[in-house]
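J.: can you look at this prediction? I've put the sequence above it.
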Amino acid sequence: MSLDRKILERIERENIKIRPEWFFAVKNFVFGTGTILISILGSISLALLFDISAQQGKSMTWLSAPYLWAVLFAIFLMGSYWLVTKIDLLYRVRFVPIMGMLLCISLSFGYLTFANGKAEEIRLELEKIPIYDVIAPTSKDLPGVGKKPASSYNEDIKQEEGEEDKNRNKDEEDYDKQDKKEGGDDESDFETESEDEDELERSENREDGRDEVEEEDWQEFESVKEDVENGSENTGNGQNEDSDSDRDDENDEDLEEDEVSEVEDSDAGEPEEIDEA
Amino acid sequence: MDIKKIKRNNQDSNLSKSLNLRGVEEMDDEELVSLVFQDKEFFGVLIRRYEARIIKYVTRIAGGNKEAVEDVVQNIFIKAYVNLNSFKKSERFGSWIYGIAHNECIDNWRKYKKHSGNVSLESNGELLAILASDEDLERALIIKDGENDIRNLLDKLPIKFREVLVLKYLEDKDYGEIGNILKKPTSTVGTLLRRAKKRFKQILSENR
């Protein structure tokens, strides 16, 4: 019997059926889904690798390095590559493009998982499994692991900046308090200096050389002088009607020491010579 | 040839009696595949078309006696029938069935590694000429006095190297077809061929 007859009879005898089309569509779907799932597991392994490495930082040694997650990541990566090549027509794509794409996907999702703190949560859940401490170092075993939650890395930076600001403000407050105690550079002094500058400008612009403050002082002086004259002397005089310049010369001679010191303190210009009586 | 006419002429299940064989034999592989879904007897035409080539391929790769080879070939065609819906019209049927033959040979070789000897190379002279790319190698092969030794040398090659050499130089397939058969990228096929030739020369020099 010819080979073709043998085969056709065997098909008839064993009732061999042709697989339906949907079988192959489902097969591709299963391999595709498997690739995605294995890639996710690879991303989680990578995220845990980042998390434990970040926790340990400079204190990482050869013994404490997260080898388990590095090995698992490599296994998952190769597994997802194998599944991809089982999908129809993808076997024609070379190794490097497929592996590059899988690596990019794993790195992106792995870093995202690490950055939003999910890797730390997963690690803490894994540490609850009894056998985990046998195969991987836990937060109890290692100095750096578990002390600082990964999700607070950004908060730490903000906290440090906040502390620096606080210290700066505190220093400024202490400085202010000290100044106030010493009576030195406090706000009133700064204001006095600015007032003095304003007065100097006004005095330069004034025709008679006297500004409003001086005018008030002179008016006050005038009233005091009148009181003194009225009180000590009964003679009237026409001194009240003198001009300001004449008044400067005449009144300085008649002033008592207390009145002179008051005028000198409030004066913005140069102190005038006073002949004491 | 009109398919409806063929079917109208087909009164009983024995296709070889009622079919106009001349017309069916002229049909393309892809047309025959679409007819198999309607009547499995058309599959017999495909078997007859590729039987000799597949037997030769299996004999060259897997080796073994005639019965063992026939068993393997039967399994190949049964698998081809079962998975007929996975054949895409954009592919060549020959490459597709060679791919099934490749998988079956690998599975068979893994199961029956002890029987992997006795590889037949009826045209090993041609293979000799192709592989012997330099004078030293050719002279060595002449000294070795070819047939049995070449067969033994190829037996010593790993099956992946043996396959690619047979497909390229004896089956006369191009890189793309070999890639489709072996389910590998074309660049990988080129690398495999280079390594296969290098290994062959290495084995030859070791056996001087």
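T.: Thanks, I have the structure now. Residues are numbered from 1 along each chain as shown, chains lettered A, B, ... in the order given.
J.: per-residue pLDDT of B:Tyr175, please?
T.: Per-residue pLDDT puts B:Tyr175 at 90.
J.: who's in contact with it?
T.: B:Tyr175 sits next to B:186, B:189-190 when contact means CB atoms under 8 Å, 6 or more residues apart in numbering or on different chains. Yep, even glycine has a C-beta here, placed from its N, CA and C like the rest.
J.: nearest residue to B:Val24 other than its sequence neighbours?
T.: With sequence-adjacent residues excluded and distances taken as CB to CB, 6 or more residues apart in numbering or on different chains, B:Val24 is closest to B:Val45, at 5.5 Å.
J.: count of residues packed around the one residue in the stretch 1-150 of chain A that gets nearest to chain B?
T.: Relative to chain B, the nearest point of the stretch 1-150 of chain A is A:Asp4 (3.9 Å; CB to the nearest CB). Per other CB atoms under 10 Å in any protein chain shown, the neighbour tally for A:Asp4 reads 19.
J.: kindly export the helix or strand containing it (C-alpha atoms) in PDB.
T.: Assessed by DSSP states H and E, A:Asp4 sits inside helix A:3-13. The C-alpha coordinates for helix A:3-13 follow below in PDB (Å, rounded to 0.1, in the frame of the first residue of the first chain):
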ATOM      1  CA  LEU A   3       2.200   5.900   1.800                       C
ATOM      2  CA  ASP A   4      -0.600   8.300   1.000                       C
ATOM      3  CA  ARG A   5      -3.200   5.500   1.400                       C
ATOM      4  CA  LYS A   6      -1.700   4.400   4.600                       C
ATOM      5  CA  ILE A   7      -1.900   8.000   6.000                       C
ATOM      6  CA  LEU A   8      -5.500   8.600   4.800                       C
ATOM      7  CA  GLU A   9      -6.700   5.300   6.300                       C
ATOM      8  CA  ARG A  10      -5.000   6.100   9.600                       C
ATOM      9  CA  ILE A  11      -6.800   9.500   9.600                       C
ATOM     10  CA  GLU A  12     -10.100   7.700   8.900                       C
ATOM     11  CA  ARG A  13      -9.500   4.900  11.400                       C
END
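J.: ok, back up a step: so the residue nearest to B:Val24 touches B:Leu32, yeah?
T.: Yes. B:Val45 lies in contact with B:Leu32 (CB atoms under 8 Å); the separation is 5.7 Å.
J.: shared neighbours, those two?
T.: B:Val24.
J.: filter the contacts of B:Tyr175 by proximity to chain A?
T.: The subset of the contacts of B:Tyr175 within reach of chain A, by CB under 8 Å from any CB of the partner chain, is B:Thr186.
J.: got a quick ChimeraX command for the buried subset of the contacts of B:Tyr175?
T.: In ChimeraX, a selection of the buried entries from the contacts of B:Tyr175 looks like this (16 or more other CB atoms under 10 Å in any protein chain shown):
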select /B:186,189
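J.: chain A: which of the contacts of B:Tyr175 is nearest?
T.: Closest approach to chain A among these (CB to the nearest CB): B:Thr186, at 7.5 Å.
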